[in-house]
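>>> got a predicted structure plus its sequence, pasted below:
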Amino acid sequence: MTARGKEAAALALHRFGFGPAGHSIAAIAADPQGALLADLERPQAGLVAANLPSSGESAREVFDFRAEQAAKQKLALRVQKQAEAGDAASLFNCRQPSGAPCVAPTSNDAANQPTPQTAQPGQPPNPPLPQRLFQNEAKARFDAAIGADPGFVERLVWFWSNHFCISADKAVGMAGAYEREAIRPHVLGRFADMLQAVESHTAMLVYLDNVESMGADSVAGINHDKGLNENLAREIMELHTLGVRSGYTQKDVTSFANVITGWGWVRPDDPAHGGEFAFVKRLHQPGAQIVLGKSYADTGVEQGRAVLADLARNAATAQHIAQKLATHFVADEPPPALVAKLAQKFRDTDGDLKEVSKALVTADESWAPQRVKLKPPSAWLVAMLRLSGGQWSIAPGMNKALEQRMGVTPWPVGRVLAAQAQLGESLWRPPAPNGWPDTAMAWIDGVAHRLDIANDFGTHVGAIADPLALLEAGLGPLASAETRNTIARAESRAQAVTLLVMAPEFLRS
């Protein structure tokens, strides 16, 4: 069965993308399924990395920034103590990080200090370097989602990034680079390749503490009386590949953790290669290891790669990935027939993710008209941004004078990030290694908290847009008679737009 028409088009954009934008419903109505398949066939569709620093470069920049900040604080404290002691002589050879001589503060210093740089009225202050790196990566991610049509590939990026999640709380400068380097290049490739890229990325190794792990019989383990950290090995098996209750044992976890000792990084204080992956032999547990009944010879870094390759091809991995994909896109309790189809395609194609994605959008079960998935806060925010043309303003080419007169201003990336955090889904900061939850139960209690953001959206967009036109653009035939009547009876355009984005049809995918 091939789903066609405007209703199928609107369903496709909400279920497999980030919602309609402009005239996108009409644009794909002739063949919604074909539009999704075409998205998978575009060369590097949605995968072109922005002009942003690599994870290694970011790690080095953040390290240098923090070192300079620490030096400034220590120097200020030193100068203050010397001045209080009246020891002017000790300031003679003192030098600031810039090379300028230290000067003891005087009573007139406060008046003579240069005025600190402040943001222009209406502009946020310039954030420090780590936050700037994070916001630049976030903006690139939001821009890709807002501009993606129909958005299927970009949704796949978000899915896999959450499946293989890391946290910016441990690697703030690398969070976005990790997604660009380890996730994006592989969403239409082989699962085994993505798995290798993810587990050897420094952001993952830092997040799950593998950079601190060492074999008990390794050179470092013997010299430092330290040992194994099993976090990464456990999460690879439990979350990334096989899934829980799939037959592996604690002994398998321990053996695998020994296999990947030495998978670490160059410390970020190295000016040339800091933040990059390195296999550190002195941390590696020597000898063969048995994982899931198979013996793996000690071949250094290749020992770990061999285990990962076998985990990627395991039948339990196919079942686990199929279940998660169907849950994410179709239903919190997906049809068993759909899961079976995806798992079979995964096995038949050796984990070819493009073929698995094709199987997802061509399965009849994926086009059930019942929309039971609740958009998480991040997807709901992007759906509104798409509806508004990418900012809290949908007037093409609106000039600044009109923008000021009507009180409509774009949403800068910091504001979008704040809204996402306010709704309990901070970007690249999941609560645990299993990522953000993917079912309605996790988000349903927070729906009421979306109202403040919806009101802000309605106030700004309602000033320049026809709510009924937005209704057709954002929902079209998915809008129920009740929703149409509610919006038509709204007391103002602002209220009508607010009701639209809080309507059940807009909240669900």
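Noted; the coordinates are in hand. Just so you know, these numbers come straight off a predicted model, no measurement behind them. Numbering: from 1, shown residues only.
>>> pretty sure Gln495 sits against Thr459.
No: if you go by C-beta atoms under 8 Å, Gln495 and Thr459 don't touch, sitting 9.3 Å apart. Any C-beta I mention is one placed from the backbone N, CA and C, and that applies to glycine too.
>>> any low-confidence regions in the stretch 401-509 of the chain?
401-411 (pLDDT under 70).
>>> which of the three states applies to Ala278?
When classified by DSSP: H, G, I helix; E, B strand; the rest coil, Ala278 comes out as strand.
>>> contacting residues for the spatially most central residue of the chain?
Centroid-nearest residue in the chain: Trp428, 4.7 Å away (criterion: C-alpha atoms, centre = their mean). By C-beta atoms under 8 Å, 6 or more residues apart in numbering, the residues touching Trp428 are 134, 138, 165-168, 175-176, 179.
>>> tell me how far it lies from Leu325.
21 Å (C-beta to C-beta, to the nearest Å).
>>> before we move on, what about Glu154?
For Glu154, the distance to Leu325 - C-beta to C-beta - is 15 Å.
>>> in the strand or helix carrying Arg78, which residues are buried?
Taking DSSP states H and E as the definition, Arg78 sits inside helix 55-85. By neighbour count with 16 or more other C-beta atoms under 10 Å, helix 55-85 contains the buried residues 55-63, 65, 79, 82-83.
>>> what packs against it?
helix 129-147, helix 175-178, helix 202-207 (3 or more C-beta pairs under 8 Å, 6 or more residues apart in numbering; DSSP states H and E).
>>> what angle separates that helix from helix 129-147?
150 degrees (axes from the mean of the first three to the mean of the last three C-alpha atoms, to 10 degrees).
>>> use 2 as the first number from now on
Got it, the first residue is 2 from now on, which makes the last one we talked about helix 56-86.
>>> now helix 56-86: how far from the chain's centre is it?
30 Å (C-alpha atoms, centre = their mean, to the nearest Å).
>>> same check, this time on stretch 15-29
Distance, centroid of stretch 15-29 to centroid of chain: 22 Å (C-alpha atoms, centre = their mean).
>>> what are the buried residues along it?
15-22, 25-26, 28-29.
>>> now, which of these sits nearest Ala332?
Arg16 (10.1 Å; C-beta to C-beta).
>>> dump the residue contacts of Tyr179.
By C-beta under 8 Å, 6+ apart, the neighbours of Tyr179 are 56, 167, 172, 202, 204-205.
>>> can we see that at 6 Å?
Applying C-beta atoms under 6 Å, 6 or more residues apart in numbering, we find Tyr179 in contact with 56, 167, 202, 204.
>>> for burial, what's the neighbour tally of the residue nearest to it when sequence neighbours are not counted?
Leaving aside its chain neighbours, Tyr179 sits nearest to Ala204 (3.8 Å; criterion: C-beta to C-beta, 6 or more residues apart in numbering). Ala204 is flanked by 29 other residues according to other C-beta atoms under 10 Å.
>>> for this protein, what are the low-confidence residue spans?
Those would be 2-3, 45-51, 87-126, 391-412, if you go by pLDDT under 70 across the chain.
>>> can I see the domain layout of it?
For the chain, automatic domain parsing gives the domain ranges 48-92+152-314, 316-368, 378-508.
>>> in a markdown table, list those along with distance to Glu42.
Shown next, in a markdown table, are the domains of the chain (distance: least, C-beta to C-beta, whole Å):
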| stretch | distance to Glu42 |
| --- | --- |
| domain 48-92+152-314 | 9 |
| domain 316-368 | 8 |
| domain 378-508 | 22 |
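>>> Pro33: which of these is closest?
Here domain 316-368 is closest among the domains of the chain (C-beta to C-beta), at 8.8 Å.
>>> give me the distance between the two termini of the closest one.
Start and end residues of domain 316-368 are separated by 26 Å (C-alpha to C-alpha, to the nearest Å).
>>> repeat for stretch 40-58
End-to-end distance of stretch 40-58 (C-alpha to C-alpha): 32 Å.
>>> residue boundaries of the helices in the stretch 302-451 of the chain?
302-314, 316-330, 337-349, 354-363, 378-388, 401-407, 414-423, 441-444 (DSSP state H, counting those that start in this stretch).
>>> against Ala307, how distant is Ser219?
If you go by C-beta to C-beta, the gap between Ser219 and Ala307 works out to 19 Å.
>>> among the two, which residue is more densely surrounded?
Ser219 (24 against 16).
>>> list the contacts of that one.
284-286.
>>> go again with 10 Å.
Applying C-beta atoms under 10 Å, 6 or more residues apart in numbering to Ser219 gives the contacts 225, 227-229, 259, 262-263, 281-287.
>>> Thr350 too?
Thr350 sits in contact with 191-192, 319, 356-357, 359-360, where contact means C-beta under 10 Å, 6+ apart.
>>> just the buried residues from the residues you listed, in PyMOL please.
In PyMOL syntax, the buried subset of the contacts of Thr350 is picked out as below (16+ other C-beta under 10 Å):
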select buried, resi 191+192+319+356+357+359+360
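>>> so which of the contacts of Thr350 is the closest to Arg451?
Distances from Arg451 to the contacts of Thr350, taken by C-beta to C-beta, are shortest for Val357, at 32.2 Å.
>>> wait, that closest one sits on Ala323?
Yes: using C-beta atoms under 10 Å, Val357 is in contact with Ala323, at 7.7 Å.
>>> hey, what's in contact with both of those two?
342-348.
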